[in-house]
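K.L.:
Fold the following.
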Amino acid sequence: MITLSASALPITLSENTCKLSFQNNLTCDSEGSKTSNKMVSLLLHPEDASETDICYRFYRDICFEADRPIFRAKDLRYDITVIMPGTIGSECKKTSGHYHGYIDGSTYTFPEVYEVLEGRALYILQKAVNFTEEEDPVISDLKAVYVEKGQMIIIPPFYGHCSINAGDGPLVFSNLAVVSCPLYYKPIEAKHGLSLYACRERNGKVKLVPNTCYSHVPEPSIIHPGQNEELGILFGHSVYHTFTSSPDTFDYLNHPENYIVQMEKLLDGSK
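P.N.:
Numbering: from 1, shown residues only. Next up is the predicted model:
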């Protein structure tokens, strides 16, 4: 069993099954998994999908009961996803990927926070403001962001994104997200995934492969995330405990219009 020490929560990961266990009255409202045969429309090698091959497991609404009112007051939820090690064909295992919907009364979409608890993550982020329309998405920015254990990343408004296991073992990451946020999967399914695939080469390195279903895509920026204590993004500090001790720090998840510059600066490649 692996203790997810980066979470600062009583959670362990089975090395054999990649399932999570919760202790000390920490609760999980629901859980499930997704096999590769349910992702054929998103894969570089759909012919290698299988109904017995689990891509990832997900655990929703994790918290101590004493903290539940804090999450509800902000309409937020803390989840954990485990992406299995290995590949489908040569493509690294990943989540389905999606865009976030627009906030009522706002011209911005909802942001989200990811925190890597075990392993090494690669997040593909592609910015498009016309993802809800019946036309080709105009990708104005493309980022490949490597995030290590104990690090966090903010997904700013308008960025479609998916999470990829870029390490050798299981990838475990949490997300802090708005419960009422609409999720748009179909624009990505229509293009057979995001505009980049991550493939494992024979030497073990990860190679980014363009998705030819897209046109006029900018060159990707390969970057590492930055920190901002004012936004609750401080490496080595548990997102769960930072939020429950200071909920207003994450005001940008419901009101991003006031924090756009700070959020995007975390992904501009600067340290």
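
K.L.:
Can you check the pLDDT for the nearest residue to residue 140 once chain neighbours are set aside?
P.N.:
In this structure, residue 140 finds its nearest non-sequential neighbour in residue 127, 5.0 Å apart by Cβ to Cβ, 6 or more residues apart in numbering. Every residue, glycine included, has its C-beta placed from N, CA and C. pLDDT recorded at residue 127 is 96.

K.L.:
Surely residue 127 and residue 141 touch.
P.N.:
Yes - if you go by Cβ atoms under 8 Å, residue 127 and residue 141 touch, sitting 4.0 Å apart.

K.L.:
Do you have the helices of the chain handy? List them.
P.N.:
68-73, 186-189, 239-245, 260-265 (DSSP state H).

K.L.:
right, so of those, which gets closest to residue 20?
P.N.:
helix 239-245 (14.0 Å; Cβ to Cβ).

K.L.:
Contacts for the closest one, please.
P.N.:
For helix 239-245, contacts defined as Cβ atoms under 8 Å, 6 or more residues apart in numbering pick out 7-9, 63, 67, 70, 76, 78, 113, 115, 152, 174, 176, 232, 234, 249-250.

K.L.:
Please repeat the previous calculation with a cut-off of 7 Å.
P.N.:
With contacts defined as Cβ atoms under 7 Å, 6 or more residues apart in numbering, helix 239-245 is touched by 7-9, 67, 70, 78, 113, 115, 152, 174, 176, 232, 249-250.

K.L.:
can you count the residues close to the residue nearest to residue 264 when sequence neighbours are not counted?
P.N.:
Using Cβ to Cβ, 6+ apart and skipping residues adjacent in sequence, the residue nearest residue 264 is residue 156, 5.5 Å away. If you count neighbours by other Cβ atoms under 10 Å, residue 156 ends up with 25.

K.L.:
How about the contacts made by residue 156?
P.N.:
Applying Cβ under 7 Å, 6+ apart, the residues near residue 156 are 111, 263, 264, 267.

K.L.:
number of nearby residues for residue 236?
P.N.:
Residue 236: 11 neighbours (other Cβ under 10 Å).

K.L.:
who touches it in this structure?
P.N.:
Per Cβ under 7 Å, 6+ apart, neighbours of residue 236: residue 150.

K.L.:
which phi and psi does it have?
P.N.:
Main-chain dihedrals, residue 236, degrees, to the nearest 10: phi 90, psi 0.
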